[in-house]
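A.B. asks: Fold the following and give me the result.
(one chain, ligands or ions: 1)
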Amino acid sequence: MISFEKGIKIEGVPFHLDARTKVDFSFVSHAHFDHIAPHRKVLATPETLLFFRHRYKKVVARALPLRRKQTIGGVKVELFPSGHILGGAQILLEHRGKRIVYTGDFTLSPGWTSPPAEIPKSDIVIMESTYGLPRYQFPTREEVADLICRKTEETFAQGKTPIFLAYPLGKSQEAAKLLGERGYAVFVHPTIFEICKIYARCGVEFKNLDVLSNQSTARKAVIIPPYLWRSRMAAQLAPKKVFFLSGWGLDEGSRQSFKADEVLPLSDHADFAQLLAYLEEAQPEKVYTLHGFVEFAEILRQRGFDAQSLEAPLETPSLKINADGVKFLPSLFNPKS
Ligand SMILES: [Zn+2]
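C.D. replies: Just a heads-up that it's a prediction; the model follows:
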(Lines give C-alpha, C1' and ligand atoms only; values in the text may rest on other atoms or scores of the structure.)
Protein backbone atom coordinates (compact mmCIF):
# COMPACT_ATOMS: atom_id res chain seq x y z
CA MET A 1 0.00 0.00 0.00
CA ILE A 2 2.86 2.38 0.89
CA SER A 3 5.99 2.23 -1.20
CA PHE A 4 9.06 4.26 -1.96
CA GLU A 5 9.56 5.05 -5.59
CA LYS A 6 10.93 8.48 -6.57
CA GLY A 7 9.46 9.48 -3.21
CA ILE A 8 6.66 8.11 -1.07
CA LYS A 9 3.67 6.71 -2.93
CA ILE A 10 0.48 5.55 -1.28
CA GLU A 11 -1.81 3.40 -3.37
CA GLY A 12 -4.95 5.34 -4.30
CA VAL A 13 -3.54 8.77 -3.34
CA PRO A 14 -3.23 10.95 -6.45
CA PHE A 15 0.11 12.55 -5.52
CA HIS A 16 3.56 11.59 -4.27
CA LEU A 17 4.94 12.74 -0.95
CA ASP A 18 8.27 14.56 -1.31
CA ALA A 19 9.10 13.02 -4.68
CA ARG A 20 12.83 13.39 -5.26
CA THR A 21 12.67 13.44 -9.02
CA LYS A 22 10.16 15.16 -11.28
CA VAL A 23 6.61 13.78 -11.09
CA ASP A 24 3.22 15.07 -12.17
CA PHE A 25 1.97 15.98 -8.69
CA SER A 26 3.72 15.91 -5.32
CA PHE A 27 3.18 17.13 -1.79
CA VAL A 28 6.30 19.04 -0.72
CA SER A 29 6.86 19.00 3.04
CA HIS A 30 9.47 21.77 2.91
CA ALA A 31 11.74 23.37 0.36
CA HIS A 32 15.11 21.78 1.12
CA PHE A 33 16.96 20.59 -1.94
CA ASP A 34 16.61 16.88 -1.14
CA HIS A 35 12.82 17.19 -0.89
CA ILE A 36 11.98 19.04 -4.09
CA ALA A 37 12.13 18.61 -7.84
CA PRO A 38 10.58 20.54 -10.75
CA HIS A 39 7.17 18.86 -10.52
CA ARG A 40 4.33 19.99 -12.72
CA LYS A 41 2.03 20.48 -9.74
CA VAL A 42 2.81 20.92 -6.06
CA LEU A 43 0.78 20.79 -2.85
CA ALA A 44 2.46 22.73 -0.02
CA THR A 45 2.01 25.50 2.51
CA PRO A 46 1.98 29.05 1.08
CA GLU A 47 5.41 29.66 2.66
CA THR A 48 6.95 26.55 1.12
CA LEU A 49 5.54 27.57 -2.25
CA LEU A 50 7.39 30.90 -1.99
CA PHE A 51 10.68 29.04 -1.45
CA PHE A 52 9.79 26.54 -4.16
CA ARG A 53 9.19 29.34 -6.66
CA HIS A 54 12.49 30.91 -5.62
CA ARG A 55 14.09 27.85 -7.22
CA TYR A 56 11.57 26.65 -9.81
CA LYS A 57 9.53 29.38 -11.46
CA LYS A 58 7.11 27.21 -13.40
CA VAL A 59 4.80 25.20 -11.20
CA VAL A 60 1.10 24.68 -10.74
CA ALA A 61 0.71 25.51 -7.09
CA ARG A 62 -1.95 24.21 -4.74
CA ALA A 63 -1.46 26.15 -1.52
CA LEU A 64 -2.84 24.64 1.66
CA PRO A 65 -2.36 26.58 4.92
CA LEU A 66 -1.75 24.65 8.14
CA ARG A 67 -4.76 23.02 9.85
CA ARG A 68 -7.18 23.57 6.99
CA LYS A 69 -8.89 20.41 5.78
CA GLN A 70 -9.23 19.81 2.08
CA THR A 71 -10.23 16.89 -0.10
CA ILE A 72 -7.99 16.10 -3.04
CA GLY A 73 -8.94 13.28 -5.38
CA GLY A 74 -11.22 11.79 -2.74
CA VAL A 75 -8.52 11.90 -0.02
CA LYS A 76 -8.98 14.19 3.00
CA VAL A 77 -5.74 16.03 3.73
CA GLU A 78 -4.62 18.41 6.47
CA LEU A 79 -1.21 19.94 7.15
CA PHE A 80 0.42 20.39 10.57
CA PRO A 81 3.61 22.24 11.49
CA SER A 82 6.81 20.23 11.35
CA GLY A 83 9.08 22.70 13.18
CA HIS A 84 11.85 22.00 10.67
CA ILE A 85 11.99 25.31 8.78
CA LEU A 86 9.53 28.10 8.03
CA GLY A 87 6.65 26.61 6.04
CA GLY A 88 7.60 23.04 6.90
CA ALA A 89 4.59 20.76 7.23
CA GLN A 90 3.55 17.24 8.05
CA ILE A 91 0.64 15.86 6.08
CA LEU A 92 -2.28 13.86 7.50
CA LEU A 93 -4.18 11.78 4.96
CA GLU A 94 -7.50 10.11 5.77
CA HIS A 95 -7.49 7.28 3.31
CA ARG A 96 -9.36 3.96 3.20
CA GLY A 97 -10.32 4.27 6.86
CA LYS A 98 -6.79 4.99 8.11
CA ARG A 99 -5.18 8.18 9.35
CA ILE A 100 -1.75 8.27 7.72
CA VAL A 101 0.80 10.91 8.74
CA TYR A 102 4.00 11.67 6.87
CA THR A 103 6.19 13.79 9.13
CA GLY A 104 8.76 15.04 6.64
CA ASP A 105 11.83 16.45 8.39
CA PHE A 106 10.64 17.59 11.81
CA THR A 107 11.63 18.65 15.29
CA LEU A 108 9.69 18.99 18.52
CA SER A 109 11.99 21.84 19.60
CA PRO A 110 10.57 25.33 19.10
CA GLY A 111 12.72 27.24 16.63
CA TRP A 112 13.38 30.95 16.55
CA THR A 113 11.61 31.32 13.20
CA SER A 114 9.01 28.53 13.27
CA PRO A 115 6.84 26.69 15.83
CA PRO A 116 7.58 23.08 16.87
CA ALA A 117 5.96 20.04 15.31
CA GLU A 118 2.52 18.99 16.45
CA ILE A 119 1.67 15.33 16.92
CA PRO A 120 -1.58 14.40 15.21
CA LYS A 121 -3.26 11.14 16.20
CA SER A 122 -2.59 8.56 13.53
CA ASP A 123 -2.86 4.90 12.59
CA ILE A 124 0.19 4.89 10.35
CA VAL A 125 3.23 7.15 10.66
CA ILE A 126 5.85 7.58 7.96
CA MET A 127 8.64 9.12 9.99
CA GLU A 128 11.76 10.94 8.95
CA SER A 129 14.31 9.54 11.37
CA THR A 130 17.73 10.95 10.51
CA TYR A 131 19.07 10.86 14.07
CA GLY A 132 17.57 7.53 15.07
CA LEU A 133 20.31 6.27 17.36
CA PRO A 134 20.48 6.76 21.15
CA ARG A 135 23.76 8.67 20.96
CA TYR A 136 21.99 11.59 19.27
CA GLN A 137 20.72 13.60 22.19
CA PHE A 138 20.73 17.31 21.41
CA PRO A 139 21.12 20.06 23.98
CA THR A 140 18.03 22.25 24.43
CA ARG A 141 17.54 25.18 22.07
CA GLU A 142 18.33 27.55 24.95
CA GLU A 143 21.62 25.76 25.63
CA VAL A 144 22.57 25.90 21.95
CA ALA A 145 21.64 29.59 21.79
CA ASP A 146 23.85 30.36 24.77
CA LEU A 147 26.67 28.31 23.25
CA ILE A 148 26.51 30.17 19.91
CA CYS A 149 26.55 33.54 21.69
CA ARG A 150 29.37 32.50 24.02
CA LYS A 151 31.47 31.38 21.04
CA THR A 152 30.73 34.70 19.33
CA GLU A 153 31.96 36.64 22.37
CA GLU A 154 35.06 34.47 22.74
CA THR A 155 35.92 34.96 19.07
CA PHE A 156 35.53 38.72 19.34
CA ALA A 157 37.78 38.67 22.43
CA GLN A 158 40.46 36.97 20.31
CA GLY A 159 40.19 39.80 17.79
CA LYS A 160 38.66 37.45 15.21
CA THR A 161 35.45 37.28 13.19
CA PRO A 162 33.10 34.35 13.88
CA ILE A 163 32.04 32.71 10.63
CA PHE A 164 29.02 30.44 10.90
CA LEU A 165 28.55 27.86 8.16
CA ALA A 166 24.86 27.13 7.79
CA TYR A 167 22.77 25.94 4.89
CA PRO A 168 21.02 28.87 3.26
CA LEU A 169 17.38 27.95 3.86
CA GLY A 170 16.38 27.45 7.47
CA LYS A 171 19.54 27.06 9.50
CA SER A 172 20.96 30.41 8.38
CA GLN A 173 17.76 32.24 9.27
CA GLU A 174 17.65 30.57 12.68
CA ALA A 175 21.21 31.72 13.38
CA ALA A 176 20.56 35.22 12.01
CA LYS A 177 17.41 35.56 14.09
CA LEU A 178 19.13 34.40 17.28
CA LEU A 179 22.25 36.52 16.90
CA GLY A 180 20.32 39.62 15.84
CA GLU A 181 17.89 39.33 18.73
CA ARG A 182 20.82 38.94 21.13
CA GLY A 183 22.19 42.28 19.93
CA TYR A 184 24.95 41.16 17.54
CA ALA A 185 25.37 42.77 14.14
CA VAL A 186 24.97 40.00 11.55
CA PHE A 187 26.26 39.89 7.97
CA VAL A 188 24.89 37.16 5.73
CA HIS A 189 25.92 36.01 2.27
CA PRO A 190 23.66 37.38 -0.53
CA THR A 191 22.18 33.89 -1.13
CA ILE A 192 21.08 33.80 2.48
CA PHE A 193 19.91 37.41 2.42
CA GLU A 194 17.52 36.68 -0.48
CA ILE A 195 15.91 33.94 1.59
CA CYS A 196 15.78 36.22 4.66
CA LYS A 197 13.71 38.59 2.51
CA ILE A 198 11.19 35.80 1.87
CA TYR A 199 11.09 35.13 5.61
CA ALA A 200 10.36 38.83 6.16
CA ARG A 201 7.46 38.62 3.68
CA CYS A 202 6.10 35.83 5.85
CA GLY A 203 6.35 37.98 8.97
CA VAL A 204 9.71 36.92 10.41
CA GLU A 205 11.61 40.11 11.27
CA PHE A 206 15.38 40.16 11.61
CA LYS A 207 17.26 42.65 13.75
CA ASN A 208 20.78 43.97 13.07
CA LEU A 209 20.94 42.16 9.73
CA ASP A 210 22.87 43.25 6.65
CA VAL A 211 24.12 41.64 3.47
CA LEU A 212 27.80 40.72 3.35
CA SER A 213 29.83 42.69 0.80
CA ASN A 214 33.16 44.42 1.23
CA GLN A 215 32.53 46.04 4.61
CA SER A 216 34.72 45.51 7.64
CA THR A 217 33.55 42.48 9.59
CA ALA A 218 35.14 43.59 12.86
CA ARG A 219 32.82 42.60 15.74
CA LYS A 220 30.28 41.21 13.29
CA ALA A 221 28.88 37.70 13.15
CA VAL A 222 29.04 36.37 9.59
CA ILE A 223 26.85 33.58 8.18
CA ILE A 224 27.76 31.93 4.87
CA PRO A 225 26.70 28.69 3.14
CA PRO A 226 28.97 25.69 3.81
CA TYR A 227 29.95 25.36 0.16
CA LEU A 228 31.73 28.73 0.38
CA TRP A 229 33.99 27.88 3.28
CA ARG A 230 37.02 27.55 1.01
CA SER A 231 36.09 30.37 -1.38
CA ARG A 232 38.14 33.50 -2.06
CA MET A 233 35.40 35.51 -0.42
CA ALA A 234 35.78 33.52 2.81
CA ALA A 235 39.58 33.75 2.62
CA GLN A 236 39.31 37.55 2.65
CA LEU A 237 37.55 37.41 6.01
CA ALA A 238 40.72 36.57 7.99
CA PRO A 239 41.34 36.54 10.88
CA LYS A 240 38.41 34.34 11.60
CA LYS A 241 37.14 31.34 13.47
CA VAL A 242 34.81 28.96 11.62
CA PHE A 243 31.82 27.25 13.24
CA PHE A 244 29.68 24.70 11.41
CA LEU A 245 26.08 24.59 12.67
CA SER A 246 24.90 20.97 12.55
CA GLY A 247 23.41 18.22 14.67
CA TRP A 248 26.21 16.01 13.41
CA GLY A 249 28.41 18.05 15.73
CA LEU A 250 27.63 15.39 18.34
CA ASP A 251 29.74 12.92 16.39
CA GLU A 252 33.40 12.56 17.28
CA GLY A 253 35.45 13.72 14.35
CA SER A 254 32.77 15.97 12.87
CA ARG A 255 35.07 18.98 13.27
CA GLN A 256 37.67 17.40 11.00
CA SER A 257 34.98 16.16 8.61
CA PHE A 258 33.47 19.59 8.21
CA LYS A 259 36.90 21.26 8.27
CA ALA A 260 35.62 23.82 10.74
CA ASP A 261 37.26 24.99 13.94
CA GLU A 262 34.20 23.79 15.84
CA VAL A 263 30.82 22.20 15.09
CA LEU A 264 27.96 23.55 17.20
CA PRO A 265 24.96 21.19 17.49
CA LEU A 266 22.18 23.41 16.17
CA SER A 267 19.75 21.02 14.51
CA ASP A 268 16.35 21.38 12.87
CA HIS A 269 15.69 17.65 13.20
CA ALA A 270 14.30 15.54 16.03
CA ASP A 271 16.89 13.76 18.13
CA PHE A 272 16.48 10.16 19.26
CA ALA A 273 14.40 11.01 22.34
CA GLN A 274 12.07 13.20 20.29
CA LEU A 275 11.53 10.47 17.69
CA LEU A 276 10.42 8.13 20.47
CA ALA A 277 8.34 10.82 22.21
CA TYR A 278 6.50 11.48 18.95
CA LEU A 279 5.56 7.83 18.51
CA GLU A 280 4.63 7.33 22.15
CA GLU A 281 2.12 10.16 21.84
CA ALA A 282 0.83 9.28 18.36
CA GLN A 283 0.52 5.55 19.22
CA PRO A 284 0.33 4.36 15.62
CA GLU A 285 -0.31 0.74 14.75
CA LYS A 286 2.39 0.87 12.05
CA VAL A 287 5.57 2.92 11.61
CA TYR A 288 7.61 3.32 8.45
CA THR A 289 11.01 4.91 9.00
CA LEU A 290 12.73 6.98 6.37
CA HIS A 291 16.35 8.21 6.18
CA GLY A 292 18.95 7.52 8.80
CA PHE A 293 20.12 4.33 10.37
CA VAL A 294 18.93 0.81 9.61
CA GLU A 295 18.96 0.06 13.34
CA PHE A 296 16.18 2.53 14.15
CA ALA A 297 13.33 0.34 12.90
CA GLU A 298 14.80 -2.54 14.91
CA ILE A 299 15.00 -0.35 18.03
CA LEU A 300 11.33 0.52 17.55
CA ARG A 301 10.37 -3.13 17.16
CA GLN A 302 12.15 -3.91 20.45
CA ARG A 303 10.00 -1.21 22.05
CA GLY A 304 6.81 -2.82 20.79
CA PHE A 305 6.13 -0.83 17.62
CA ASP A 306 5.35 -2.54 14.33
CA ALA A 307 8.11 -0.74 12.43
CA GLN A 308 10.01 -1.15 9.20
CA SER A 309 12.27 0.96 7.04
CA LEU A 310 10.61 2.28 3.89
CA GLU A 311 13.77 2.56 1.83
CA ALA A 312 17.19 1.03 1.78
CA PRO A 313 19.06 3.19 4.29
CA LEU A 314 22.37 4.83 3.56
CA GLU A 315 25.43 3.13 5.00
CA THR A 316 26.58 6.34 6.64
CA PRO A 317 23.86 8.95 6.57
CA SER A 318 25.91 11.88 7.77
CA LEU A 319 29.18 12.07 5.96
CA LYS A 320 31.06 10.37 3.22
CA ILE A 321 34.77 10.92 3.24
CA ASN A 322 36.44 11.12 -0.14
CA ALA A 323 39.94 11.90 -1.36
CA ASP A 324 39.38 15.63 -0.98
CA GLY A 325 38.52 15.26 2.66
CA VAL A 326 34.79 15.32 2.80
CA LYS A 327 31.72 15.07 0.70
CA PHE A 328 28.56 16.36 2.32
CA LEU A 329 25.12 14.96 1.78
CA PRO A 330 23.08 17.25 -0.49
CA SER A 331 20.92 18.43 2.38
CA LEU A 332 23.97 19.74 4.18
CA PHE A 333 25.95 20.92 1.23
CA ASN A 334 23.82 22.14 -1.59
CA PRO A 335 23.46 25.92 -1.78
CA LYS A 336 19.70 25.68 -2.18
CA SER A 337 19.10 23.15 0.53
ZN1 LIG B 1 15.08 19.41 5.48
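A.B. asks: give me the number of residues near Gln70?
C.D. replies: Applying other CB atoms under 10 Å, we find 13 residues neighbouring Gln70. Bear in mind the C-beta positions are built from the backbone N, C-alpha and C, glycine included.
A.B. asks: Tell me the residues of the stretch 101-250 of the chain that contact the ion?
C.D. replies: Asp105 (CB under 5 Å from the ion).
A.B. asks: ok, for the residue in the stretch 101-250 of the chain positioned nearest to the ion, nearest residue in space, not its chain neighbours?
C.D. replies: Ranked by CB to the ion, the top residue of the stretch 101-250 of the chain for proximity to the ion is Asp105, at 3.7 Å. Using CB to CB, 6 or more residues apart in numbering and skipping the chain neighbours, the partner closest in space to Asp105 is His84 (4.3 Å).
A.B. asks: so who does that neighbour touch?
C.D. replies: With contacts defined as CB atoms under 8 Å, 6 or more residues apart in numbering, the neighbours of His84 are Ser29, His30, Gly104, Asp105, Phe106, Thr107, Ser114, Ala117, Gly170, Asp268, His269.
A.B. asks: was I right about Glu285 contacting Ile124?
C.D. replies: Yes: assessed by CB atoms under 8 Å, Glu285 is found in contact with Ile124 at 7.0 Å.
A.B. asks: who has more neighbours, those two?
C.D. replies: Neighbours were counted for Glu285 and for Ile124 using other CB under 10 Å; Ile124 has more, 21 against 11.
A.B. asks: pLDDT score assigned to that one?
C.D. replies: For Ile124, the pLDDT comes out at 98.
A.B. asks: hmm, who's touching the helix or strand harbouring Gln274?
C.D. replies: Using DSSP states H and E, the element containing Gln274 is helix 272-282. When contacts are defined by CB under 8 Å, 6+ apart, helix 272-282 is touched by residues 101, 103, 106-109, 117, 119-122, 125, 127, 129, 131-137, 270, 287, 296, 300, 303, 305.
A.B. asks: do stretch 1-12 as well
C.D. replies: So stretch 1-12 is in contact with 16-21, 23, 26, 75, 93, 95-96, 100, 102, 124, 126, 288, 290, 310-311, going by CB under 8 Å, 6+ apart.
A.B. asks: Show me what whatever helix or strand Ile126 lives in packs onto, helices and strands only.
C.D. replies: Using DSSP H and E, the element containing Ile126 is strand 124-128. Using 3 or more CB pairs under 8 Å, 6 or more residues apart in numbering; DSSP states H and E, the elements in contact with strand 124-128 are strand 98-102, helix 272-282, strand 286-290.
A.B. asks: residues near the closest residue to Asn208 other than its chain neighbours, how many?
C.D. replies: Distance criterion CB to CB, 6+ apart; nearest residue to Asn208, sequence neighbours excluded, is Gly180 at 4.3 Å. Neighbour count of Gly180, defined by other CB under 10 Å: 18.
A.B. asks: Let me see the contact set for Gly180.
C.D. replies: Contacts of Gly180 (CB under 8 Å, 6+ apart): Val186, Phe206, Lys207, Asn208, Leu209.
A.B. asks: host element of Ala19?
C.D. replies: Secondary structure (DSSP H and E) places Ala19 outside all helices and strands.
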